[in-house]
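Student: model the following, please.
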Amino acid sequence: MEKRRVVITGMGVIAPNGIGIENFWDSLVQGRSGITGITRFDASSYSSQMAGELKDFDPTDYMSPRSARHMDRFAQFAVACTRMALQDAKIKITKDNSSRIGIALGSALGGIPSAEVQHSIFVEKGLKRVDPFLATKIFSGASISQVSIEFGISGHSNSIGGGCGVGTDSIGYSFHAIRNNLAEIMITGASEAPLAPLTFGAFCQIGALSKRNGDPTRASRPFDKERDGFVMSEGAGILVLEDLENAMERGAPIYAEVLSYGTTNDAYSMVQPLATGKQAKEAIQIAIQNANVKPTEIDYINAHGSSTPLNDKIETMIIKEIFGEHAYTIPISSTKSMIGHPMGAAGSIEIIASALAIKYQFIPPTINYEFPDPECDLDYVPNKGRKASVNIVLKNSFSFGGKNSAIIFKKLFNSK
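Tutor: Numbering: from 1, shown residues only. Alright, predicted model coming up:
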């Protein structure tokens, strides 16, 4: 059977610098940071005291109060973004089509905030005072189940677990599900709500987070010589992927065509990338080979760019090894400079940013790039975005545990 072509027809996003596609994109174009001092809990004793918080999110704008009470925040994000994405793709779910629509959603940490709150109640007041819905709030698959229930989606279904690249992996999985005729349409992406005291503190303990507490908006600084760690944030990105023929038949808007997905594992460490970058490089090469494109045809790279000293250096090295002299001519930017690191949701939010770059033919900047690093010497689109011809995009994601993922997608002539 001939492999189906897969396109992006709808997107929904919740990010620290903007809720909804329009607000999110405007912030990216303007180089607007969503990082502030933490207000969710008292972080005064923590080494890192800032985060990408969503301060204007009201779940009842997207679901009933009753539904919202039964969900952890990460699942609320997933439901809200799915509603946005379905509206964007102009899809109405009915009894006739619900079994042909599938879902693959991811989360790295699941219902961490609910677990922490209820544990405190358990310790102070006993088991009988614990939320009776806790068991169904905290597991990482709760988002896919809640989305299925909320919208009546009953087709191909899979919950994707993992680290910081799980959003990219969910989209890669969904790409193959459509290509292999498991579904006509897939709702896919990831959501994350990790801003809870113990969880946040655990990342402080391993020294992963930035300590630039005096100026939060400048703390996430990918590829900059003075970067000192990532800034944790929350958010979600959900996409509608669809068989091209199906999309064209119903006159759906099309953002881009997904060409390929590559993934590997370092098999080395839970917290450090392999210094040679060998397996991360292979994931990108798999994606390039399967996309049937030449490295010189790639117009833009949306980097993982986490703002950690080692990761940014290795990602730069990998890009140089793959692209040679062309590496110095490819615009590269890190969306994390503006939204921080929303853990598992990072990849899907950044793929949305990249699809919008194709739509608007504009490359968002890497903000806070002030001090050049000799080991990070490529074109990171510093501080100010630019108009450009953006037809083929590479998106990189790298995770705790050594997971490496890459997706390539391109503009279609009838793209949105």
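
Student: could you find the closest non-adjacent residue to Ala85?
Tutor: Spatial nearest neighbour of Ala85, chain neighbours left out: Gly12 (3.8 Å); criterion: CB to CB, 6 or more residues apart in numbering. All C-beta atoms are positioned from the backbone trio N, CA, C, and that covers glycine.

Student: tell me which residues in the helix of greatest length in the chain are buried?
Tutor: Determined from DSSP state H, the single longest helix within the chain is helix 73-89. Residues 73-86, 88-89 are the ones in helix 73-89 that count as buried (16 or more other CB atoms under 10 Å).

Student: next SSE after it?
Tutor: strand 101-107 (DSSP states H and E).

Student: between that following strand and helix 73-89, how big is the angle?
Tutor: In terms of direction (axes from the mean of the first three to the mean of the last three CA atoms, to 10 degrees), strand 101-107 departs from helix 73-89 by 140 degrees.

Student: name every strand pairing with strand 101-107 and say which way it goes.
Tutor: strand 157-161 (parallel), strand 185-192 (parallel) (DSSP bridges).

Student: which among those strands is found nearest to Ser220?
Tutor: The minimum distance between Ser220 and those falls on strand 185-192, with 15.9 Å, by CB to CB.

Student: avg pLDDT for the helix or strand following the closest one?
Tutor: Sequence order places helix 197-205 as the next helix or strand after strand 185-192, per DSSP H and E. For helix 197-205, mean pLDDT is 97.

Student: buried stuff in helix 197-205?
Tutor: 197, 199-201, 203-204.

Student: got the CA positions of that helix in PDB?
Tutor: Extracted in PDB, the C-alpha atoms of helix 197-205 (Å, rounded to 0.1, in the frame of the first residue of the first chain):
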ATOM      1  CA  PRO A 197       7.300  22.800  45.000                       C
ATOM      2  CA  LEU A 198       8.800  19.300  45.300                       C
ATOM      3  CA  THR A 199       9.200  18.700  41.500                       C
ATOM      4  CA  PHE A 200      10.600  22.200  40.900                       C
ATOM      5  CA  GLY A 201      12.900  21.700  43.800                       C
ATOM      6  CA  ALA A 202      14.200  18.400  42.500                       C
ATOM      7  CA  PHE A 203      15.400  20.100  39.300                       C
ATOM      8  CA  CYS A 204      17.100  22.700  41.500                       C
ATOM      9  CA  GLN A 205      18.800  20.000  43.300                       C
END
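
Student: surely Leu239 is within a strand?
Tutor: Yes. Under DSSP: H, G, I helix; E, B strand; the rest coil, Leu239 sits within a strand.

Student: residues contacting it?
Tutor: 8, 10-12, 85, 171, 187-189, 348, 351-352, 355 (CB atoms under 8 Å, 6 or more residues apart in numbering).

Student: what residues does Met84 make contact with?
Tutor: 10-13, 20-21, 62, 238.

Student: take those residues and lay them out in TSV including secondary structure.
Tutor: Below are the contacts of Met84 laid out as TSV (three-state DSSP):
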residue	secondary structure
Gly10	strand
Met11	strand
Gly12	strand
Val13	strand
Gly20	coil
Ile21	helix
Tyr62	coil
Ile238	strand
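
Student: highest neighbour count among these?
Tutor: Neighbour counts for the contacts of Met84 (other CB atoms under 10 Å) peak at Ile238, which has 36 neighbours.

Student: mind listing what it touches?
Tutor: So Ile238 contacts 11-13, 78, 81-82, 84-85, 105, 187-189, 191, 348 (CB under 8 Å, 6+ apart).

Student: run through the bridge partners of it.
Tutor: With DSSP bridges as the rule, Ile238 is bridged to Gly12, Gly189.

Student: report pLDDT for it.
Tutor: 98.

Student: how far away is it from Val13?
Tutor: 8 Å (CB to CB, to the nearest Å).

Student: between these two, what contacts are shared?
Tutor: Common neighbours of Ile238 and Val13 (CB under 8 Å, 6+ apart) are 81, 84.

Student: what is the burial count for the closest residue in space to Phe362 that isn't next to it in sequence?
Tutor: Excluding the flanking residues, the one nearest Phe362 by CB to CB, 6+ apart is Lys387, at 5.5 Å. For Lys387, the neighbour count with other CB under 10 Å is 9.

Student: mind listing what Lys387 touches?
Tutor: Counted by CB under 8 Å, 6+ apart, Lys387 has contacts 361-363.

Student: need the phi and psi values for Arg386.
Tutor: phi -150, psi 150 (degrees, to the nearest 10).

Student: and for it, the neighbour number?
Tutor: 12.

Student: measure it to Tyr300 for me?
Tutor: From Arg386 to Tyr300 the distance is 11 Å (CB to CB).

Student: repeat for Gly385
Tutor: For Gly385, the distance to Tyr300 - CB to CB - is 11 Å.
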